[in-house]
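A.B. asks: sequence-free structure coming up:
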């Protein structure tokens, strides 16, 4: 008769038995049979050799002085060997590997050390003890290479007999005592990890159903499942259903839902994981004393009803079936694609180090998430467990209802509170698409409806402690962006005094780099050729060039009506217009007038696209609207000073010359400088015109950033330009922007000619953008979203009136845009992230961390002339 | 930047010897980042004119500037303005004349009075034409001021901010140069380098013989030395005159006195509170109130919360000084803001917003006080703010007492706000006045004292 023994898939297995009992022989056999890998077995002998080059030391037959030394040495080596071995066992436990420890493990303390280790790392531990008669042991000892000697074997056998009685109380998940003579007839096998789930033809992961069976049925239909003649919902492509748990309680049809999963799990069509309600109901069905509340009482009532109709026996059968189902539900599933664990499905949350492991602590964590104390009403206070998630496995979870399914820190919450009147969400994997069905009603009718609470708390002020010492933002398009604390404080100072309210500040435009290389031409600092070359070197061959208006950068958030404004920013206003530093663009009254006009003019646009708002990146003209003081105090003032200085000098030098002084070169130089001064004074005046009220104000949008439910980062810049043109049809205040597409040598030359022409009379220049809003090179790195190329004349007002003087230009050309470029990319990514979060109506804190990030980066000085 | 010295009449050709510059030659030297040039535009028996100018290298100039990351750094009037920088460039060209040490045979001319017409500029200054007159008149000059060109297509300036000065008077060459070397930096708006004790020496040397009696002595010294520790070291005493020319405090109220009264009123309320061990001074600014609270007995912890790092530094200095006195509980300076939530401020005995709320846009008040009342939940909350009605007593020219005030409330507005808050958050509210009461307008400052209902 052969006996079958199961070895765990991971954890610790302690071999136990006196020397020469056959432990190593058994393990060698299992390795030979392919049941164990050689690396899964570690032994004290192995570590003694690794550490000291000797496996055994014999002090028998030595004189006492020598024997003592040998004994001491052996003890010492053993001690070090065990320490090294324990270290290795611990590391393997952390990695969720199986480790078989081949040592005698005769003393309780030797074994308990490993019990603690296993518990610490949430893996199982078991013991396999091998029992042999003393006679056999002595026989085997004599035949082995390093015989231990009769005395030691007898001693060990005595200890073994005594210790074997304690095993039960030492807390193993299993302990086996095998008779040495039966080993040959015992076969061994490895258990599989129950938590691994192959994604097969695809999975549809369903958020908390809570007895909303009708919505669930609708969802299955929308997902493409078809009911077959045996009443099973089957997907034509072989997809399967995974429930995140909490299928019952609170809602109207818990039994139907449980029955559905019971049958479909049995049939291999569905899977379900453990959950807080699931576990509670399992214990209730198990006959334990459980307080049926928080919607569980509805389930109890359903069972009573069932029993009344179908009788006690049927009810008992059902209860038993469901009990089994719920108890068997694993704490989480690790989804495997091509044998690679790509995602995790869990009810409430999981720590990275728990993934793929199983014990009581993990089960609790997976059911309830991270709980930190209780609030006044005795409800658990949830902590954001996902903040610690670091690895690249996507964690799909539910439990904590959120109005929108949102990716946060590479996790996604798909409980949209159907039972609270929200939505039932399915997350398709590996497609990562959402399919939703709205609730027919608010079934729970709870006073503390989590969706309502979430809504009320959405705009609560961000927690400053999470920001001031620096923080990082997980950005969809970029990865992690670190925001250092020093700059955060400078930005917060500004946000505390000068900017518009945080909830209205949804986006700060990124900085823009000039051409990464200066012009090769001797009379230019910047030239379009270098911008085109930059993109082509990044495998971008189609570009859009947009004329740069000389005004001031502004962000416009215009709402359709007061209700929409209140919904998004909590205040009934027309909208906001702010500068690139987050300050109000206009003074109060003028701003209101501009917004009122825009809101009025865009009414048909809002209706046509069914949007509650539009978010625009734009330039507002004229320049003096915003920069009046700068123009007066800097540009005009310096021009006047230069003119006065040089005119007076000219007068004196002419007099000196006419009196015979040889200063022709001084005079020529002065005349040339006067010309520079004149052109400097002319160039800044081009961007100035008088406005009265809203008369004369022009808005040139160039990015249509967002509308209700939508961002437009997946569109080309041609689309954005066309959209701007469309907007200009709605309002006389909005102007379109001239642009061209560059995709070959000819169009490039034409664009350069266009640039030459527009900049000749002092226009600022143009901006070169890749065709797509977000563009990456072959290495997958994001390329600059835009490069500005400023005209020869215009740069006078940036670099001073004499910058073109060869000696000046040569030195100005030694500039580096590296830092500016890096910053531009990070700010660009943060900008998109913040807008996405705003569109998703995420919490203020989540939106604000993006905005603050950009403002903090802008507080870090980079040469402002770039 | 230029200086033109002209003199007509007998002996004026001696000036070339006093200057030690040959009228036949042009003079050109490099001084630091500038080229300095001098030429006689005229050299007749009774008509001599010498022109001196400097052209700094604009790029070197901004590279050495301290505020290097200002957007307009290459657009900089330093390249043109007659300033102390200009004087450092031309000092060695004029060394002989300034020191009054020509060749032996011309020594007698050092003290000779010439009828000078001296022009310099352009200058960028916030000093009025009248004051410029008043700066030169005591030494017997007539002053003529020209303005720069503001012929712009859109009129956005009433007057140019560039001026060119001509002064006329009988002076020795040395005296005239000394006047200019002292007064050009006084006129200039900008201090171009770090001021140290050398500056005092210079002032003392060039001011010798005329500055002692100058009626605008104070103004000259203050504008030259810019900050007080140096002023005290100058041999010239500050006079009271000239102070009226200095900018007045921006505040429309007699600030010092009312401030003190406000602190006293707050302290006397806090003193009487049964629970006052922990206090939050929200918007603590430079820490004046927090410092006073630190001496109050029964207080064990003060959190001075402020979002301005600059103010925080001042506060830290203040606390450091106060620590030398006995019985001082040093406040903890926290970086914080009203627009964020901060768990460190929860459940304290007393929270104070002293002259803070009026700096918040009115529509943001609700959210700020929601955080205070329902999240921080102080046992007692003190809020002070100006009484708008009282502004009539000050006969102010502007809407608010301070340019950063977003609103100011009447007594009715404030008390009705306080009542609403109290009702909404289960507090009780009482209103007190601070300062000198006016029969019809009440007190200049109003204070609400909120107490938590359940306590």
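C.D. replies: Now that the structure is in, tell me what you want to look at. Quick caveat, the model's predicted, so the values are computed rather than measured.

A.B. asks: from here on, contacts and neighbour counts on C-alpha atoms
C.D. replies: Will do.

A.B. asks: What count of nearby residues applies to the closest residue to residue B:211 other than its chain neighbours?
C.D. replies: Closest residue in space to residue B:211, ignoring its immediate chain neighbours: residue B:217 at 6.4 Å, by Cα to Cα, 6 or more residues apart in numbering or on different chains. Other residues lying near residue B:217 total 23 when counted by other Cα atoms under 10 Å in any protein chain shown.

A.B. asks: what about residue B:217, distance to residue B:168?
C.D. replies: Distance of residue B:217 to residue B:168, given as Cα to Cα, to the nearest Å: 21 Å.

A.B. asks: next one: residue B:389
C.D. replies: 53 Å.

A.B. asks: what's the answer for residue B:178, then?
C.D. replies: Between residue B:178 and residue B:168 the computed distance is 15 Å (Cα to Cα).

A.B. asks: in chain B, which spans are strands?
C.D. replies: According to DSSP state E, chain B carries its strands in the segments B:2-8, B:27-31, B:34-44, B:47-56, B:114-123, B:142-147, B:163-171, B:278-282, B:301-306, B:332-335, B:350-354, B:380-386, B:427-434, B:445-452.

A.B. asks: mind listing what residue 445 touches?
C.D. replies: In the absence of a named chain, this looks at chain A. When contacts are counted by Cα atoms under 8 Å, 6 or more residues apart in numbering or on different chains, residue A:445 touches residue A:420.

A.B. asks: not what I meant, chain B
C.D. replies: Contacts of residue B:445 (Cα under 8 Å, 6+ apart): B:262, B:384, B:385, B:386, B:387, B:433, B:434, B:435.

A.B. asks: ranges for the strands of the stretch 201-350 of chain A?
C.D. replies: With DSSP state E, counting those that start in this stretch as the definition, the stretch 201-350 of chain A shows strands at residue ranges A:203-206, A:226-227, A:233-234, A:240-243, A:270-272, A:332-337, A:340-346.

A.B. asks: Just give me the neighbour total for the spatially closest residue to residue B:87 that is not a sequence neighbour.
C.D. replies: Leaving out its chain neighbours, the residue that sits closest to residue B:87 by Cα to Cα, 6+ apart is residue B:181, at 6.8 Å. Residue B:181: 22 surrounding residues under other Cα under 10 Å.

A.B. asks: could you dump the strands of chain B to a markdown table with distance to residue A:232?
C.D. replies: Output for the strands of chain B, formatted as a markdown table (distance: least, Cα to Cα, whole Å):
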| stretch | distance to residue A:232 |
| --- | --- |
| strand B:2-8 | 97 |
| strand B:27-31 | 95 |
| strand B:34-44 | 91 |
| strand B:47-56 | 89 |
| strand B:114-123 | 91 |
| strand B:142-147 | 93 |
| strand B:163-171 | 93 |
| strand B:278-282 | 64 |
| strand B:301-306 | 64 |
| strand B:332-335 | 61 |
| strand B:350-354 | 64 |
| strand B:380-386 | 65 |
| strand B:427-434 | 61 |
| strand B:445-452 | 61 |
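
A.B. asks: Tabulate those strands (JSON lines), appending mean pLDDT.
C.D. replies: Listed next are the strands of chain B as JSON lines, based on pLDDT from 0 to 100:
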{"stretch": "strand B:2-8", "mean pLDDT": "97"}
{"stretch": "strand B:27-31", "mean pLDDT": "93"}
{"stretch": "strand B:34-44", "mean pLDDT": "96"}
{"stretch": "strand B:47-56", "mean pLDDT": "96"}
{"stretch": "strand B:114-123", "mean pLDDT": "96"}
{"stretch": "strand B:142-147", "mean pLDDT": "97"}
{"stretch": "strand B:163-171", "mean pLDDT": "97"}
{"stretch": "strand B:278-282", "mean pLDDT": "97"}
{"stretch": "strand B:301-306", "mean pLDDT": "96"}
{"stretch": "strand B:332-335", "mean pLDDT": "94"}
{"stretch": "strand B:350-354", "mean pLDDT": "97"}
{"stretch": "strand B:380-386", "mean pLDDT": "97"}
{"stretch": "strand B:427-434", "mean pLDDT": "95"}
{"stretch": "strand B:445-452", "mean pLDDT": "96"}
